[in-house]
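Enquirer: here is the input, now give the coordinates:
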Amino acid sequence: MTVRRCAAALAAATAVLGGVAPAAFADGTPSPAAVPPGLYGTKDPQYDGVFRQSLAFLAQEKTGVRPAGQAVTWLTGQQCESGAFTAFRADPAKPCDPKAMLDTNATSAAVQALVALGGHDDAVKKGTGWLKSVQNDDGGWAYNPGSKSDANSTAIVIGALAAAGEKPAEVKSAKGGKSPFDGLLAFALPCDDPSGGGAFAYQGDLKTGKLYANADATAAAVTGSLGKGLTATAGPADAKGTACEKATTPEQAAHNGAAYLARTLAPTGFLKSAMPGAESQPDFGNTADAVVALAADGLSQQAKASADWLAKNATAWAKESGPAAYAQLIFAADATGADPTNFGGVNLVDSLNATGPRATATSSAPADASKPKSSSEKNDGISVWWIVGVGLVAGIGVGFLISGRKKNQQL
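Expert: Residues are numbered from 1 along each chain as shown. Here you go, the predicted structure:
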């Protein structure tokens, strides 16, 4: 899954790096003193409100749960007149600030969620129209329009276009006539690349343009190259296994990326991340994304092995992190045929629903999936690494995502 990492973690990153946290993904308004009614999670939504709400809805749709009308109204009220979404609007009654940092990742997640909910055709059409209007000449997208394209943003936009019934391959840039798949292929590393053959880079190095393997970007780009979105399901078996081949098509690049993830995951079952100066540790969110990517490509055995690891180790992380994390685990469970109501002994569906307004169980939902919100739940499960931007690490040649699709960085 190409989940954008929670920009709320920027505050933590700033504390570690000694910088000043920019309001890069907000609408310019102060952070709220309290979480608005209807929003899932309990933490400050300034940098991830729309994203975590969208992931919650997508996970609920997967598990037969209908969110409360209040929650849906909150999300639809966040859309700007242009069709775009920012990360969070504190006062939806006011028009979007012309200086607001519009957000392709939040917009793409919201479009996918609104499609899943049904009945929001106008909002979906406006959202996809805005996304197409900010496509870069290379066929890809940046997190914020006007910046360089990156693999993660390009992939999540592909998912939104596909969910909305568009044909991504036919969405061409106004100048150059490049497709989103052209944009993604530009980030694919050849099989003999020493930093990780077959992987995708987030972006080229800012100084040299060189590509460096990035597992988070790879997981996103695999699903995007397959024309799938955040809730990608298992694909046909990939008979090529983990062999890398010269990639000239999106499908070949997706296979290579999945093979890279499988090889990286094989020793431990999980991907790693680390704060500067800290010991590397398991990256639960990125591992969940990789599981979805492996399953989507058809490497089901490798996907299941890491899903089993998540079931044994990731539920405490999700409890601390909240709706986005629960959603990621639900996506991983769904893609591998695991039971989200008994994932490592935890009912992910109930746990997710408890982070927001009372939801309604449909006929296919667990019987107790609509229990009320618990005050102990916290939101967003997204790592600092999705926030620590390209500018902070360009000197060492690492393509970190500057956005907030969260989200747990693996180098």
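
Enquirer: any weak-confidence spans in the stretch 301-411 of the chain?
Expert: 363-411 (pLDDT under 70).

Enquirer: again, 80 this time
Expert: Using pLDDT under 80 as the threshold, the predicted model of the stretch 301-411 of the chain has low-confidence ranges 362-411.

Enquirer: kindly report the same for the stretch 1-150 of the chain.
Expert: In the predicted model, the stretch 1-150 of the chain carries pLDDT under 80 at residues 1-34.

Enquirer: ok, now with 50
Expert: Across the stretch 1-150 of the chain, the ranges flagged by pLDDT under 50 are 1-26, 33.

Enquirer: all helices of it, in order?
Expert: Secondary structure of the stretch 1-150 of the chain (DSSP state H, counting those that start in this stretch): helices located at 10-17, 49-62, 69-76, 104-117, 121-133.

Enquirer: from residue 108, how far out is residue 152?
Expert: As defined by CB to CB, to the nearest Å, residue 152 lies at a distance of 10 Å from residue 108. Where you see a C-beta, it was placed from the backbone N, CA and C, and this is true even at glycine.

Enquirer: ok, residue 128 next?
Expert: For residue 128, the distance to residue 108 (CB to CB) stands at 9 Å.

Enquirer: common neighbours of those two, please.
Expert: residue 160 (CB atoms under 8 Å, 6 or more residues apart in numbering).

Enquirer: so residue 246 is in contact with residue 189, correct?
Expert: No: the pair residue 246 / residue 189 is not scored as a contact, 11.8 Å apart, by CB atoms under 8 Å.

Enquirer: could you find the closest non-adjacent residue to residue 338?
Expert: Distances taken as CB to CB, 6 or more residues apart in numbering place residue 307 nearest to residue 338, at 5.7 Å, with adjacent residues excluded.

Enquirer: what are the phi and psi values for that neighbour?
Expert: Dihedral pair for residue 307: phi -60, psi -40, per degrees, to the nearest 10.

Enquirer: which residues in the stretch 301-411 of the chain form helices?
Expert: In order along the chain, the stretch 301-411 of the chain carries the following helices (DSSP H, counting those that start in this stretch): 315-321, 323-336, 348-353, 390-393.

Enquirer: can you tell which of those is closest to residue 296?
Expert: Of all the helices of the stretch 301-411 of the chain, it is helix 323-336 that lies closest to residue 296, at 6.9 Å by CB to CB.

Enquirer: which strands and helices lie in contact with the closest one?
Expert: helix 49-62, helix 284-297, helix 300-313, helix 315-321, helix 348-353 (3 or more CB pairs under 8 Å, 6 or more residues apart in numbering; DSSP states H and E).

Enquirer: thinking again about what came up before, between residue 128 and residue 108, which one's more packed in?
Expert: Applying other CB atoms under 10 Å to residue 128 and residue 108 shows that residue 108 carries more neighbours, namely 33 against 23.

Enquirer: tell me the contacts of that one?
Expert: So residue 108 contacts 127, 131, 153, 156, 157, 159, 160, 405 (CB under 8 Å, 6+ apart).

Enquirer: and with 6 Å instead?
Expert: Contacts were defined as CB atoms under 6 Å, 6 or more residues apart in numbering; by that measure residue 108 touches 156, 157, 160.

Enquirer: what is the nearest of those to residue 326?
Expert: Taking CB to CB as the measure, residue 326 lies nearest residue 156 of the contacts of residue 108, at 19.2 Å.

Enquirer: helix, strand or coil for the closest one?
Expert: Under DSSP: H, G, I helix; E, B strand; the rest coil, residue 156 falls in the helix class.

Enquirer: redo the helices and strands packed on helix 323-336 as CSV? Include distance to residue 119 and mean neighbour count.
Expert: Formatted as CSV, those follow (distance: least, CB to CB, whole Å; neighbours: other CB atoms under 10 Å):
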stretch, distance to residue 119, mean neighbour count
helix 49-62, 13, 30
helix 284-297, 26, 31
helix 300-313, 32, 20
helix 315-321, 29, 19
helix 348-353, 21, 27
